[in-house]
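> Just a sequence and a predicted model for now, questions to come.
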Amino acid sequence: MTEKEKAARGLLYDANFDKEIVEDRLRAKDLLYKYNLLPPTRTEERKELLKSFLGKIGDNFIFEQPFHCDYGYNIEIGENFFANMNLVILDGAKVTIGDNVFIAPNVGIYTAGHPLDVKQRTAGLEYAYLITIGNNVWIGGHVVILPGVTIGDNAVIGAGSVVTKDIPSDSVAVGNPCRVVKTIDNS
């Protein structure tokens, strides 16, 4: 089993020294370097560059610069997506984002984590668990979303939250750790 296959299955994998993974990450970094240096007015060129390496993306989207990710091919985004500046997606595993999602500045979406065992950690091993964000979600500034989390449709995540567990649909959730404080009636 390759290291990429291990990552896709949520197993410990070599993220630091596996040649294929390192090359994939460098390819994404080169493309993002170009993207982040393009003038904001070159919107079509910016869109085409992102479409060239993201796994799946709708036609109507905006990623304000800068944007950073590990690989790109593990990111799937629906229609009417907006990400403000400084979005970071560590996409060792799949990150699926629905339609009509708005992300404020300085948000981190992290599929990657590291073992508690020091020998495994210093050997460069990590794990990656998929993250799913539903439709019509609003994520406030400086939010951190940790590995394995699902955020349901129509949810609002308050600024500064650290999302460690699933958030149900139609919820307002805030805090560290993030917790539901209100249910939204979307009927």
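Ah, there it is.
> This protein: helices as residue ranges?
Counting by DSSP state H, the chain has these helices, from start to end: 3-8, 19-37, 43-51, 118-122.
> list the buried ones in stretch 25-38?
The neighbour-count check on stretch 25-38 (16 or more other Cβ atoms under 10 Å) flags 25, 28, 31-32, 35 as buried. Just so you know, the C-beta spots here come from the backbone N, C-alpha and C atoms, and that holds for glycine as well.
> actually stretch 160-173, not the one I typed
Those would be 161, 163, 167, 169-173, for stretch 160-173 by 16+ other Cβ under 10 Å.
> wait, what's in contact with the closest residue to Lys94 other than its chain neighbours?
Spatial nearest neighbour of Lys94, chain neighbours left out: Leu130 (4.5 Å); criterion: Cβ to Cβ, 6 or more residues apart in numbering. Contacts for Leu130 (Cβ atoms under 8 Å, 6 or more residues apart in numbering) come out as 10, 93-96, 111, 148.
> before we move on, back to that, compare the helices of the chain and report which one is nearest to Ala155.
The minimum distance between Ala155 and these falls on helix 43-51, with 24.7 Å, by Cβ to Cβ.
> And the contacts of the closest one?
Applying Cβ under 8 Å, 6+ apart, the set of residues contacting helix 43-51 from outside is 31, 34-35, 38, 40, 57, 61, 63, 65, 67.
> What is the most widely separated pair among the residues you listed?
Most distant of the contacts of helix 43-51, by Cβ to Cβ, are Pro40 and Ile57, 18.6 Å apart.
> Which of the two has more residues huddled nearby?
Relative neighbour count places Ile57 above the other of Pro40 and Ile57, with 20 against 8, counting by other Cβ atoms under 10 Å.
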